[in-house]
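Asker: Build the 3D model from these lines:
(chains A, B, C, D, E, F, G, H, I and J)
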There are 10 protein chains.
Amino acid sequence: MAMRAYVLIEAAVGKAKGVAEGVQRLSSADARVVSVDAVTGPYDVIALLEADDLDKLGRVVTEGIQQVDGVQRTTTCLVVRLS
Amino acid sequence: MAMRAYVLIEAAVGKAKGVAEGVQRLSSADARVVSVDAVTGPYDVIALLEADDLDKLGRVVTEGIQQVDGVQRTTTCLVVRLS
Amino acid sequence: MAMRAYVLIEAAVGKAKGVAEGVQRLSSADARVVSVDAVTGPYDVIALLEADDLDKLGRVVTEGIQQVDGVQRTTTCLVVRLS
Amino acid sequence: MAMRAYVLIEAAVGKAKGVAEGVQRLSSADARVVSVDAVTGPYDVIALLEADDLDKLGRVVTEGIQQVDGVQRTTTCLVVRLS
Amino acid sequence: MAMRAYVLIEAAVGKAKGVAEGVQRLSSADARVVSVDAVTGPYDVIALLEADDLDKLGRVVTEGIQQVDGVQRTTTCLVVRLS
Amino acid sequence: MAMRAYVLIEAAVGKAKGVAEGVQRLSSADARVVSVDAVTGPYDVIALLEADDLDKLGRVVTEGIQQVDGVQRTTTCLVVRLS
Amino acid sequence: MAMRAYVLIEAAVGKAKGVAEGVQRLSSADARVVSVDAVTGPYDVIALLEADDLDKLGRVVTEGIQQVDGVQRTTTCLVVRLS
Amino acid sequence: MAMRAYVLIEAAVGKAKGVAEGVQRLSSADARVVSVDAVTGPYDVIALLEADDLDKLGRVVTEGIQQVDGVQRTTTCLVVRLS
Amino acid sequence: MAMRAYVLIEAAVGKAKGVAEGVQRLSSADARVVSVDAVTGPYDVIALLEADDLDKLGRVVTEGIQQVDGVQRTTTCLVVRLS
Amino acid sequence: MAMRAYVLIEAAVGKAKGVAEGVQRLSSADARVVSVDAVTGPYDVIALLEADDLDKLGRVVTEGIQQVDGVQRTTTCLVVRLS
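Answerer: Numbers count the residues shown, from 1 in each chain, chains lettered A, B, ... in the order given. Sure thing, here's the model as predicted:
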C-alpha cells in the first residue's frame, strides 16, 4: 500500500525558492512528489511524498531532496494510520 | 484568496491518536481542515488547514486546535507562493 | 514486507528498569518486539520492533510503548534500505 | 486586506548596523517596510512589513531581507487578529 | 528621550488571545503600550512599549506583562539607534 | 563477557548511504559490527557493535566509525543488563 | 577488569548538598563510589564509580543514584582506554 | 585572596523584583554581596559575590541564592585572572 | 541618567584572554568600560559598560566589542531599577 | 589550599584519542593534571586538574587545554566543598 511522508526542509538563507523548485522538479521512479510548499516558520519548504514502500521513500529523501542545492537539513515525518 | 497552513502538533505522550481525532472533528466556520495525519518524528500530528484569511486561520489554531485535549505545542507554517 | 524501527525511549528518573520490562512484556497482534535493551547515554531504553506495515508499527509506539509507566518521550527511527 | 509581519533578524557578529540599513533600503513592489529597529536581545534587528497578501510578504522575506549582507537567520511572525 | 522595546511573549497553549487582550488593557503610569499583536511563529504576542526610561520599561515588563494570566515567558528587545 | 553498544550516527546531508556502507565495511580485530541500518529521524544510521570489552568498543567508535567519510557526530549507547 | 564511569548529576535547585551527601552514602554490592564532588557549572555533582562490569555500573546509576532525593537528571560517561 | 563570581539568575515569571531583593538581603558569614542588578535578557538578575575561597562562594550559591523564593536556575561564572 | 549593561561574551576556543584584553582596551566616546573579567562557565568574558543612553551602549556593543578578534557571540543584559 | 576542577572536553570527530594524549602531556607550572580519561557520552575526554588557585586553573584551561589540537569546547566544573 502506498506510503506517505511529510519532509520538513530547512534551506540556506535566501535559498527557499530555489529549494522548493528543485524539490518540485525531482523526478524519480521511487516516489511521487504530491505537493511542495514554501512556508513561513522554522522550516522553509514542506514536501509531501508518496511511494510504494519505506525504502523508496528513504532513497528519495537522501538521494533526491538532500542533493538539491541549498538544502541544509531535512526532517522526515512518516504518515501513520493509528485507528 | 484562500490561505493554507500546515500545523505541526506535539501531543502529550500516549495522546497522538486522540489529538488527531480531535483535530479531525474540529468544525469551524473559520477554516476547513484539509487533512490530518498522525506522523512519526518530532511532531505527532500534521494538519493542513485552509481559510479565507490569516485571521481566521489564526483563530482556528488558538481557539480550535490548541483547545484539543492532549495538544502540548503547535507550530504554524503558512504556505507562501514565492514565484 | 516486514518493517522495522528502533524506538529510542527516555524514561523518568529511576524508571529505566521498569520501562525496559514493560516494553519487553508488550504483547500485540500488530508488531513483534525483536529486542529491548537498557542503555547508557541520552536514552534509557532502545527497542527494536518489527511489523507488517508502518501503521501497525505506529500503533504499537503510541498505544503500546507510550502507555508504559515511566515513559517520557519516544523517538522512532524507521529502518530504510537505501541501496 | 493588508497583511503585516514582524521579521526577527539575526545578524552576523558586528553586522547589526549594516543589516538594519540594508533592510531599511529595500524597495519592493511587493511590500512596504513599516519600521526597522536595531535591538538588544536574541535578535539584532526587528522589521515590520506590510503587504497585500502573504505571498508578497513571503517574497520580500526570502528574496529581499534574506539577501541583505550579514543576515544569518530570519523568523517571520505574521500578525493575526484573534478577536 | 523616550525609549522603546519590543516584548516577545510566549503564552500558555490556548491562551494567546487572552494574553493579547490582557497586555492591551495594561494601564500604567510607567509606560505606554504602543501596539499589541497576536502573531504566528515561536512567539504568540508581540507588544511594543514606550517609556521615559529603561527602569520604567523594566517595571512594566516584570510587574505588568509578566503578571497577565497565561504569560509563560517574555523576551525584551530594546530599540537601539546605531547610526 | 561480550559487550554491546548502539551507535547513533548523524551523517552530513546527502551522505547517509555512504556512511552506512562505510560502517558496514569496517573490519576490526576489536569489535564485530552486528548490524548497520539507515534510519529516518534525528539520526541517519544506527549501528550495533559487539566487543570483548569497553575499551575495544571505544576504539572502534573513535578510530573506526568516526573516521568514515560523512560522519558528523556519534552517540554511543552501551547496553546494560539491569535485572 | 574494573570499569569506571563519571556520573554527571543535575540536582533540583537548592538540593546540591543533599544530593552529594546521598550519593556519598550509597552502599552497594555492585559498585564502589570512588569520589563525589559538588561542582559549579551545568552539573551540580560529579561522582566517579567503579564496578566489575557495565551491568553493575548501570544498576548503581538507575537504582542507586537516580533514587536519591533531589536528583533530576544523570549523564553517565564511561571511561574508555583508547590506546 | 578574595574570589569573585557573577551569578546569573533566572527567576520565575513575575518574580524578578522579589528575587533581586531577596538576594540583596542575603547575609552570610561566607560571602559578601558586592552588587545585585535586575537585568533584561535571558537572565533576570545578576549578582556579584566575593568570598575568601571557592567553598564559601559555593555555599552561598546553593544554600543562599538558590533558597530565595522565585529562583529557578543559577549559573555561576567565577572570575579568573588570565594574565 | 547613566545606563549600565552587562555584556556576556563567548570567545572562540583559546581566545578568552585576547578577548578580555581587547575589550579592556576599547576606547570610545560613547561608553565607559567599568570592568572586564574573564570567567569560567558558559561565557568567557563578562564586561560591565556604562553610557549616557541606550543608543551609545548599543553602538559600543555592535561596533566595539563585536569587532574584537575572537568574539563569537554577545548577550547584552541591561540593568533595570525595578523598585 | 589546592583547588580542583573537572574539565569536560568535546573533541572534533575522530580526535578523542589525540586530545586525551595532548591534555595528558600538558606540562605547566600552574596546575597538575590529576587524571585524563577518554569517555563515552556527550563529552569525549574528562580531565581532573589541581592548582593552587583559580587563576592558575583558568590559565591552564584557556592557554593549555584549549590550545590542544582537536579541542572544540570545554566546560569547567570547579569542585566546591559545601559542608
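
Asker: touching chain F at all, the helix or strand bottoming out on mean pLDDT in chain A?
Answerer: When each helix and strand of chain A is scored by mean pLDDT, DSSP states H and E, helix A:54-59 comes last, with a mean of 92. Yes: legend: contact between helix A:54-59 and chain F by Cβ under 8 Å from any Cβ of the partner chain is shown at A:Leu54, A:Gly58. C-beta: built from backbone N, CA, C; applies to glycine.

Asker: May I have the predicted confidence score for the residue of chain A found nearest chain H?
Answerer: Using Cβ to the nearest Cβ, the closest approach of chain A to chain H is made by A:Pro42 at 19.6 Å. As predicted, A:Pro42 sits at a pLDDT of 93.

Asker: check which helix or strand covers it.
Answerer: Taking DSSP states H and E as the definition, A:Pro42 sits outside all helices and strands.

Asker: can you pull the contacts of it?
Answerer: A:Glu10, B:Thr75, B:Cys77, E:Pro42 (Cβ atoms under 8 Å, 6 or more residues apart in numbering or on different chains).

Asker: Sketch out the low-pLDDT regions of chain A for me.
Answerer: Along chain A, the parts satisfying pLDDT under 70 run over A:1.

Asker: And the helices in it, which stretches?
Answerer: A:16-25, A:54-59 (DSSP state H).

Asker: still on that earlier bit, weed out the non-buried ones from the contacts of A:Pro42.
Answerer: For these, a neighbour count by 16 or more other Cβ atoms under 10 Å in any protein chain shown gives the buried set as A:Glu10, B:Thr75, B:Cys77.

Asker: And those, which is closest to chain F?
Answerer: Nearest to chain F among the buried ones among the contacts of A:Pro42 is A:Glu10, at 9.9 Å by Cβ to the nearest Cβ.

Asker: And the strands in chain A, which stretches?
Answerer: Taking DSSP state E as the test, the strands found in chain A are A:3-11, A:31-39, A:45-51, A:71-80.

Asker: Switch those over to CSV; also include distance to chain B.
Answerer: Listed next are the strands of chain A as CSV, based on distance: least, Cβ to the nearest Cβ, whole Å:
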stretch, distance to chain B
strand A:3-11, 5
strand A:31-39, 4
strand A:45-51, 5
strand A:71-80, 4
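
Asker: Just the terminal-to-terminal distance for stretch A:42-59.
Answerer: One end of stretch A:42-59 sits 24 Å from the other (Cα to Cα, to the nearest Å).

Asker: For that stretch, buried residues please.
Answerer: So, applying 16+ other Cβ under 10 Å, buried residues of stretch A:42-59: A:43-51, A:53-59.

Asker: Over to stretch A:6-14?
Answerer: Buried-residue list, stretch A:6-14, by 16+ other Cβ under 10 Å: A:Tyr6, A:Val7, A:Leu8, A:Ile9, A:Glu10, A:Ala11, A:Val13, A:Gly14.

Asker: With stretch A:74-83 instead?
Answerer: For stretch A:74-83, burial by neighbour count (16+ other Cβ under 10 Å) applies to A:Thr74, A:Thr75, A:Thr76, A:Cys77, A:Leu78, A:Val79, A:Val80, A:Leu82.

Asker: and stretch A:32-41, does that touch chain D?
Answerer: Yes: Stretch A:32-41 comes into contact with chain D (Cβ under 8 Å from any Cβ), by way of A:Ala38, A:Thr40, A:Gly41.

Asker: Would you format those residues as CSV with neighbour count included?
Answerer: As requested, these are exported to CSV (neighbours: other Cβ atoms under 10 Å in any protein chain shown):
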residue, neighbour count
A:Ala38, 26
A:Thr40, 27
A:Gly41, 22
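
Asker: Could you export the residues you listed as JSON lines, including distance to chain C?
Answerer: Converted to JSON lines, those look like this (distance: Cβ to the nearest Cβ, whole Å):
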{"residue": "A:Ala38", "distance to chain C": "26"}
{"residue": "A:Thr40", "distance to chain C": "26"}
{"residue": "A:Gly41", "distance to chain C": "21"}
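
Asker: from these, which is closest to chain G?
Answerer: The closest of the residues of stretch A:32-41 next to chain D to chain G turns out to be A:Gly41 (Cβ to the nearest Cβ; 29.7 Å).

Asker: Alongside chain C, which residues does chain A contribute?
Answerer: Near chain C, when you scan chain A using Cβ under 8 Å from any Cβ, you find A:1, A:3, A:53-55, A:57-59, A:62-63, A:78-82.

Asker: Just want the residue of chain A that's nearest chain F.
Answerer: Relative to chain F, the nearest point of chain A is A:Gln66 (4.1 Å; Cβ to the nearest Cβ).

Asker: That residue: what's it in contact with?
Answerer: A:Thr74, F:Val13, F:Gly14, F:Ala16.

Asker: quick one: contacts for A:Lys15?
Answerer: If you count contacts by Cβ under 8 Å, 6+ apart, A:Lys15 has them with A:Asp44, A:Asp69, A:Gly70.

Asker: Return the member of those residues nearest to chain B.
Answerer: Among the contacts of A:Lys15, A:Asp44 lies closest to chain B (Cβ to the nearest Cβ), at 9.3 Å.

Asker: next one: phi and psi at the closest one?
Answerer: Backbone torsions of A:Asp44, given as degrees, to the nearest 10, read phi -110, psi -30.

Asker: and it, what is it in contact with?
Answerer: A:Asp44 is in contact with A:Ile9, A:Glu10, A:Ala11, A:Lys15, A:Ala16, A:Val19, A:Ala20, A:Ala38, D:Thr62, counting by Cβ under 8 Å, 6+ apart.

Asker: which parts of chain A sit against chain F?
Answerer: So chain A meets chain F at A:54, A:58, A:61-63, A:66-67, A:71-74, A:76, A:78 (Cβ under 8 Å from any Cβ).

Asker: Tell me which two of those residues sit farthest apart.
Answerer: A:Leu54 and A:Gln72 (23.7 Å; Cβ to Cβ).

Asker: And the contacts of A:Pro42, which two are furthest apart?
Answerer: Longest span within the contacts of A:Pro42, Cβ to Cβ: A:Glu10 and E:Pro42, 14.6 Å.

Asker: Skip the chain neighbours and tell me the closest residue to A:Tyr6.
Answerer: Nearest non-adjacent residue to A:Tyr6, counting by Cβ to Cβ, 6 or more residues apart in numbering or on different chains: A:Cys77, 4.4 Å away.

Asker: What's the nearest residue in chain A when you look at chain J?
Answerer: Minimum separation of chain A from chain J (Cβ to the nearest Cβ) falls at A:Arg73, amounting to 17.7 Å.

Asker: Spit out the contact partners of that residue.
Answerer: The contact partners of A:Arg73, by Cβ under 8 Å, 6+ apart, come to A:Ile9, A:Glu10, F:Val13.

Asker: One more: A:Val61?
Answerer: A:Ala5, A:Val7, A:Leu49, A:Thr74, A:Thr76, F:Thr40.

Asker: With adjacent residues omitted, what lies nearest to the fifth one?
Answerer: Meaning A:Thr76. Per Cβ to Cβ, 6+ apart, closest to A:Thr76 is F:Thr40, 4.6 Å.

Asker: Tell me the spacing between the closest residue to A:Val13 other than its chain neighbours and J:Gly22.
Answerer: With Cβ to Cβ, 6+ apart as the measure, D:Gln66 is the residue that lies nearest to A:Val13, at 4.8 Å, once sequence neighbours are left out. To J:Gly22, D:Gln66 is 41 Å away according to Cβ to Cβ, to the nearest Å.
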